[in-house]
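> Have a look at this prediction, sequence included:
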Amino acid sequence: MPIRLIATDMDGTLLRSDHRTISPRTREAFARARAEGIDVLAISGRQPYSIGAIVLGSPLDGAVVGSNGSVAVNTLTREVLFEETLTVAAQRAIVEGILDAFPNVKVSSVRQAGDVYVTQHGYAGMEDPGAEVARWAVSHRRADLPEVLAEPSVKIAILDPEVPAEALLEVARELAVPGALATTSGAPFLEVGKENVSKATALARFAQERGYGPEDVVAFGDNNNDVDMLAWAGYGVAMSNASPAALEVADTVTATNDEDGVAQVIERLLG
């Protein structure tokens, strides 16, 4: 198949299981793709500041998509390419519904292209989300729930350490709040963004702006938030460590993220 764009998820896909490292073989595969005139795109549930820190100096440095498709940033210039936000009404409705089922959940709001966190008191972890992996400074403050939900978010994270994220997802789907889309990514929390915004819609937007159709795109992923993207791409590749839903929609399955599964497919496609 002709390849004009390669898009890849980060954790569980591009990165080794340390959630930080792009292997030398994978770097070389993307460098070769770039040398052959193929566009490449990192697309993740992470925020752009975090994606940018990891891809710094790699062939993937440049335009990246974060927050499950809600925001795109050029990591070289920090220009915000687009941003889609969850309304205050929608985020309040989904949080209130989940609180009815799980009264101990706490919430974190991600705002301003992923650079600002407002996190509820009692939310476990995230004392400084930018301290470990951040390309640029990130603002983070604690607040009561009404303030956390007072402004639109590119994403909210809903967490109860005693409740699996998949259980939260089941409740969110039953609520079917207009304007909200819930998913999971392998992290211990539920992720909620704007309805009809996903990795798939962001990838389609990126491709269309460059004159590409689905048939020109190869996409790699491993989790539930990658399913629509793998289905949309002309050639969707799931990692062998992928979730059942991702494996089901993929056109093919490659080796694990720790076995350079992404690189193996790129090398084969480039011949």
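Yep, it's here.
> who are the neighbours of the helix or strand harbouring Tyr117, in terms of helices and strands?
In this assignment (DSSP states H and E), Tyr117 forms part of strand 116-120. Contacts defined by 3 or more CB pairs under 8 Å, 6 or more residues apart in numbering; DSSP states H and E place strand 116-120 against strand 106-111, strand 139-143, helix 145-148. Any C-beta I mention is one placed from the backbone N, CA and C, and that applies to glycine too.
> Pull up the pairing partners for it, direction included.
Strand 116-120 has the following sheet partners, assigned by DSSP bridges: strand 106-111 (antiparallel), strand 139-143 (parallel).
> most tightly surrounded among these?
Comparing the strands paired with strand 116-120 by mean neighbour count (mean count of other CB atoms under 10 Å), strand 106-111 comes out on top with a mean of 24.
> follow-up on the earlier one: tell me which of the strands paired with strand 116-120 lies nearest to Leu247.
Judged by CB to CB, the one of the strands paired with strand 116-120 that comes nearest to Leu247 is strand 106-111, at 28.6 Å.
> so how far is that closest one from its chain's centroid?
Relative to its chain's centre, strand 106-111 lies at 15 Å (CA atoms, centre = their mean, to the nearest Å).
> tell me the average confidence for that strand?
When pLDDT is averaged over strand 106-111, the result is 97.
> ditto for stretch 259-271
Mean per-residue pLDDT for stretch 259-271: 97.
> Need the nearest residue in space to Phe189, chain neighbours excluded.
Using CB to CB, 6 or more residues apart in numbering and skipping the chain neighbours, the partner closest in space to Phe189 is Leu159 (4.0 Å).
> no, scratch that, I was asking about Glu267
Once flanking residues are discounted, Glu267 sits nearest to Ala29: 5.7 Å by CB to CB, 6+ apart.
> What's the local residue count around that neighbour?
24 (other CB atoms under 10 Å).
> Tell me who's in contact with it.
With contacts defined as CB atoms under 8 Å, 6 or more residues apart in numbering, Ala29 is in contact with 262-263, 266-267, 270.
> Neighbour count, secondary structure and distance to Asp228 added to these, as CSV?
Output for the contacts of Ala29, formatted as CSV (neighbours: other CB atoms under 10 Å; DSSP: H, G, I helix; E, B strand; the rest coil; distance: CB to CB, whole Å):
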residue, neighbour count, secondary structure, distance to Asp228
Val262, 27, helix, 19
Ala263, 22, helix, 24
Ile266, 26, helix, 22
Glu267, 16, helix, 26
Leu270, 14, helix, 26
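> What are the boundaries of the strands in this protein?
Using DSSP state E, the strands of the chain run over residues 5-8, 39-43, 63-66, 71-74, 79-83, 106-111, 116-120, 139-143, 155-159, 180-183, 190-194, 217-221, 235-239, 252-254.
> Out of these, the one nearest Ala172 is which?
Using CB to CB, those put strand 180-183 closest to Ala172, at 3.6 Å.
> residues in contact with that closest one?
Identification of contacts with strand 180-183 by CB under 8 Å, 6+ apart yields 68, 86, 90-91, 93-94, 168-169, 172-173, 190-198, 224-225.
> quick revisit: what's opposite the residue nearest to Phe189 in the beta bridge?
For Leu159, the beta-bridge partners are Lys106 (DSSP bridges).
> Surely it and Asn104 touch.
No: Leu159 is beyond contact range of Asn104, at 9.5 Å (criterion: CB atoms under 8 Å).
> So the two - more neighbours on which side?
Taking neighbours as other CB under 10 Å, Leu159 and Asn104 compare with Leu159 leading, 25 against 11.
> who touches Val218 in this structure?
Shown in contact with Val218 (CB under 8 Å, 6+ apart): 1, 3, 5-7, 233-237, 265-266, 269.
> residue ranges with poor pLDDT in the protein?
Counting by pLDDT under 70, the chain contains low-confidence ranges at 1, 126-132.
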